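Student: Task: produce atomic coordinates for the following.
(one chain, ligands or ions: 1)
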Amino acid sequence: MSLVSVQNVSFGYSRDRLVLDGVSLEIRSGASVGLVGESGSGKTTLLRLLLGLTRPSAGEIRFDGATLDTRSSRYMRDYRRQVQAVFQDPYSSLDPRQNVLGIVSEPLRSLGIPGDRPALVEAALVSVGLEPDILGRYPHEFSGGQRQRIAIARAIVAKPKLLLADEAVSALDLSTRIRIVELLKQLAADMTLVFVSHDLGVVAALCDEMVILEKGRIVEAGATRKMLADPQHPYTRKLLGSVPRMPA
Ligand SMILES: Nc1ncnc2c1ncn2[C@@H]1O[C@H](COP(=O)(O)OP(=O)(O)OP(=O)(O)O)[C@@H](O)[C@H]1O
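Tutor: As a prediction, this is how the structure comes out:
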């Protein structure tokens, strides 16, 4: 069954230009889906719609069988528990004035989730490969990769069903990028992942399915393996042609 159903969604920041044009997409529960396209193709905009930060100009997004109702604060509170995000820049995404406990427990506080917060935060830190004894430390004491792990811990602490990652490894150096991709792959075994990237190589390593966006339209979607072996659309072939050959 689909966890997310994007049905004929269009969106424009201004009236005269659509940034997303008739996008339809089904995301199965448990899938890891890579959303790929060149800069400006509308990937982040689609993610903002999936997060409920913006409303479609036309069409509908359904989550777990119900319409994503951004107008209802009660609905959105529950939605935020189920859908969390990780962004590109691990330096600007963490509040420098808060320690790790404050940062990672933020969703638990803002969503009013009961329980032993330090214990839940420690469990989240362990699941992203960090030591549980860093609760009192501050972001400036960590490397970029460690900060991204802290951001991922914050995203998973409330046990969401869907994790949205927007260029979440692009700002990291190569070896750190590989380790964070491995971590996301591990986490994707227990949740649904939508991973936005312009980097087909990373998407191929991480995602079983790919969706290719060109100028706000989906030009091709399907199993990663199949699309890498036999891309149907010229734009997919162009994107594939611009990355170094990947081992089979
Ligand atoms: N807040 C905004 N106001 C007006 N136009 C915007 C806004 N945000 C994005 N756009 C425009 O919408 C289009 C799609 O942008 P979007 O950020 O969704 O693309 P993207 O595929 O994520 O690109 P990138 O890989 O560079 O992040 C672009 O033409 C962009 O200039």
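
Student: Tell me the buried residues in the longest helix out of those in the chain?
Tutor: With secondary structure taken from DSSP state H, the chain has its longest helix at helix 174-188. Neighbour-count burial for helix 174-188 flags T176, R177, R179, I180, V181, L183, L184, L187, A188 (criterion: 16 or more other CB atoms under 10 Å). To be clear about C-beta, it is placed using only N, CA and C from the backbone, and glycine gets the same treatment.

Student: Without its sequence neighbours, what residue ends up closest to the fourth one?
Tutor: Excluding its sequence neighbours, the residue lying closest to I180 (CB to CB, 6 or more residues apart in numbering) is V169, at 4.9 Å.

Student: what's the answer for the first one, then?
Tutor: By the measure of CB to CB, 6+ apart, the closest residue to T176 outside its immediate chain neighbours is G145, 3.7 Å from it.

Student: Next, the distance between the ends of stretch 86-104.
Tutor: End-to-end distance of stretch 86-104 (CA to CA, to the nearest Å): 12 Å.

Student: how much distance is there from stretch 21-38 to the middle of the chain?
Tutor: Between the centre of stretch 21-38 and the centre of its chain there are 11 Å (CA atoms, centre = their mean, to the nearest Å).

Student: swap in stretch 88-97?
Tutor: Relative to its chain's centre, stretch 88-97 lies at 16 Å (CA atoms, centre = their mean).

Student: and the residue nearest to T176, what helix or strand is that in?
Tutor: In this structure, G145 sits in helix 144-156 according to DSSP states H and E.

Student: which other residues reach that helix?
Tutor: Identification of contacts with helix 144-156 by CB atoms under 8 Å, 6 or more residues apart in numbering yields 84-87, 90-91, 93-94, 100, 103-104, 106-107, 121, 124-125, 127-130, 139, 142, 163, 168-169, 171-173, 176, 179-180, 183-184, 187, 191.

Student: Can you identify the element that follows that helix toward the C-terminus?
Tutor: Per DSSP H and E, the first helix or strand lying C-terminal to helix 144-156 is strand 162-166.

Student: Show me which residues of stretch 203-220 are buried.
Tutor: Residues of stretch 203-220 classed as buried: 203-207, 209-214, 216-220 (neighbour count, 16+ other CB under 10 Å).

Student: oh sorry, the question was meant for stretch 228-242
Tutor: Within stretch 228-242, the residues that qualify as buried are L228, P231, Y235, T236, L239, L240, counting by 16+ other CB under 10 Å.

Student: now, which of those sits nearest R55?
Tutor: Using CB to CB, Y235 is the member of the buried residues of stretch 228-242 that lies nearest R55, at 27.7 Å.

Student: So that closest one is in contact with I212, correct?
Tutor: Yes: with contact defined as CB atoms under 8 Å, Y235 and I212 form a contacting pair (6.4 Å).

Student: and the ligand, which of the contacts of helix 144-156 reach it?
Tutor: The subset of the contacts of helix 144-156 within reach of the ligand, by CB under 6 Å from any ligand atom, is empty.

Student: Among those, which ones are in helices?
Tutor: Among the contacts of helix 144-156, the members found in helices (DSSP H) are 100, 103-104, 106-107, 121, 124-125, 127, 176, 179-180, 183-184, 187.

Student: between those residues, which is nearest R74?
Tutor: Comparing the ones in helices among the contacts of helix 144-156 against R74 with CB to CB places P107 closest, at 16.9 Å.
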